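Visitor: Show me the folded form of this:
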Amino acid sequence: MFNLTFVNLAPDARATAEGSGPVDHGQVTPEELTALLDAFAEIDPVQNMKVDPEIRIQTKRDRYIVRTGQKKLFLYDARKQSEPAYVLSAAEIIAELDGTAAARRTAAPTEMSRVLSTEPLPDESDGKAESTALPIPESAPWPWALIALTLLLSGYIVYAGFFPSDGVSHPPLVALGQAERLSEDGVLTGVYMTGSQPGQHGIVILGDGKMKLFQVNAQAAPGVVFGTYRLGRLEGKLHLATDQPGGLITVRDRDTLDYGGEAYKRIP
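Guide: Down below sits the predicted model:
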């Protein structure tokens, strides 16, 4: 049995529950957890990026966090959240939680050592010798050092390459009045993306001057940079001045933002 806590997530794990915070989901069996994880992986990607739902899992000895993105599941050690996540299926997560995966990873080298030793081969004189089949180890996570290096390089790309500075000093924006600022803030709140394929980018306008910039990755959680913004006008056109490189974010229309030389379309 596993103890679950849902964060910003509906009880069936099929939808987000913005602002709900941590909610005790109680104990579940491995089969029930598998079903919940499969449902979680199918959650609406726009709401997922906006709300950041997660499933917290407590076993007898350890605590884990599961997040999702691009229909993948990312397993984190709750005590070592700065370390890279495992990209696993629901069944593989269960194997990590119950120790089955670790046992297989330990058993595989032992079996290999026995086969490669100088033990005599089975007697084949009767023609009925049994063949020795090596167990196929469960696909294990990448070596930590390689994952860490990959994410380090990804982080640099997100910050330095993904949103390059245009090197232009922009004139200050004309501040909006409070009523207009609140109105425009409400209209702009949402998720905008250049596309959904690995390497493409997104902007999440959270409102109240808060935003997220992210890059879609193929084998890791989206690379995310948190930032702030200030609404204003330049030559009569609405812009967002941010604390991130890449220059101003230009509001082309209600469904399109221009930033760092790319066009971002609102995701419905």
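
Visitor: Confirm that residue 181 sits in a helix.
Guide: Yes: assigned with DSSP: H, G, I helix; E, B strand; the rest coil, residue 181 falls within a helix.

Visitor: what pLDDT does residue 191 get?
Guide: Note on residue 191: pLDDT of 90.

Visitor: all numbers from here: first residue = 138
Guide: From this message on, residue numbering opens at 138, which makes the last subject residue 328.

Visitor: thought it was touching residue 405?
Guide: No: in this structure, residue 328 is not within contact of residue 405 by CB atoms under 8 Å, at 9.4 Å. The way it works is simple: take the backbone N, C-alpha and C, and place the C-beta from them, glycine included.

Visitor: Overlap of the contact sets of those two?
Guide: Residues within reach of residue 328 and of residue 405 at once, by CB atoms under 8 Å, 6 or more residues apart in numbering, are residue 183.

Visitor: the more surrounded of those two?
Guide: residue 328 (22 against 7; other CB atoms under 10 Å).

Visitor: how about that one, phi and psi?
Guide: Phi and psi for residue 328, reported as degrees, to the nearest 10, are phi -110, psi 130.

Visitor: give the contact list for it.
Guide: 183, 186-187, 339-342, 403-404.

Visitor: do that again at 10 Å, thanks
Guide: 182-187, 339-343, 349, 351, 401-405 (CB atoms under 10 Å, 6 or more residues apart in numbering).

Visitor: Ok, residue 367 next?
Guide: Applying CB under 10 Å, 6+ apart, the residues contacting residue 367 are 310, 312-313, 318, 346, 376-380.

Visitor: which of those residues count as buried?
Guide: Neighbour-count burial (16 or more other CB atoms under 10 Å) applied to the contacts of residue 367 gives 310, 313, 346, 376-379.

Visitor: buried ones in stretch 196-211?
Guide: Buried residues in stretch 196-211, counted by 16+ other CB under 10 Å: 201-207, 209-211.

Visitor: Make JSON lines out of the buried ones among the contacts of residue 367 and add secondary structure, pLDDT and distance to residue 163.
Guide: Rendered in JSON lines, the data for the buried ones among the contacts of residue 367 read as follows (DSSP: H, G, I helix; E, B strand; the rest coil; pLDDT from 0 to 100; distance: CB to CB, whole Å):
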{"residue": "310", "secondary structure": "coil", "pLDDT": "89", "distance to residue 163": "50"}
{"residue": "313", "secondary structure": "coil", "pLDDT": "91", "distance to residue 163": "47"}
{"residue": "346", "secondary structure": "coil", "pLDDT": "91", "distance to residue 163": "37"}
{"residue": "376", "secondary structure": "strand", "pLDDT": "95", "distance to residue 163": "48"}
{"residue": "377", "secondary structure": "strand", "pLDDT": "95", "distance to residue 163": "42"}
{"residue": "378", "secondary structure": "strand", "pLDDT": "92", "distance to residue 163": "46"}
{"residue": "379", "secondary structure": "strand", "pLDDT": "90", "distance to residue 163": "42"}
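
Visitor: For my notes, please list the residues you listed in CSV and give distance to residue 144 for each entry.
Guide: Below are those laid out as CSV (distance: CB to CB, whole Å):
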residue, distance to residue 144
310, 36
313, 34
346, 23
376, 34
377, 28
378, 31
379, 27
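
Visitor: and those residues, which two are the farthest apart?
Guide: Spatial extent of those (CB to CB) is set by the pair 313 and 379 at 15.6 Å.

Visitor: measure residue 325 to residue 197 for me?
Guide: 47 Å (CB to CB, to the nearest Å).

Visitor: could you measure residue 348 against residue 221, distance?
Guide: 25 Å.

Visitor: Equivalent analysis for residue 363, please.
Guide: Counting by CB to CB, the gap from residue 363 to residue 221 is 19 Å.
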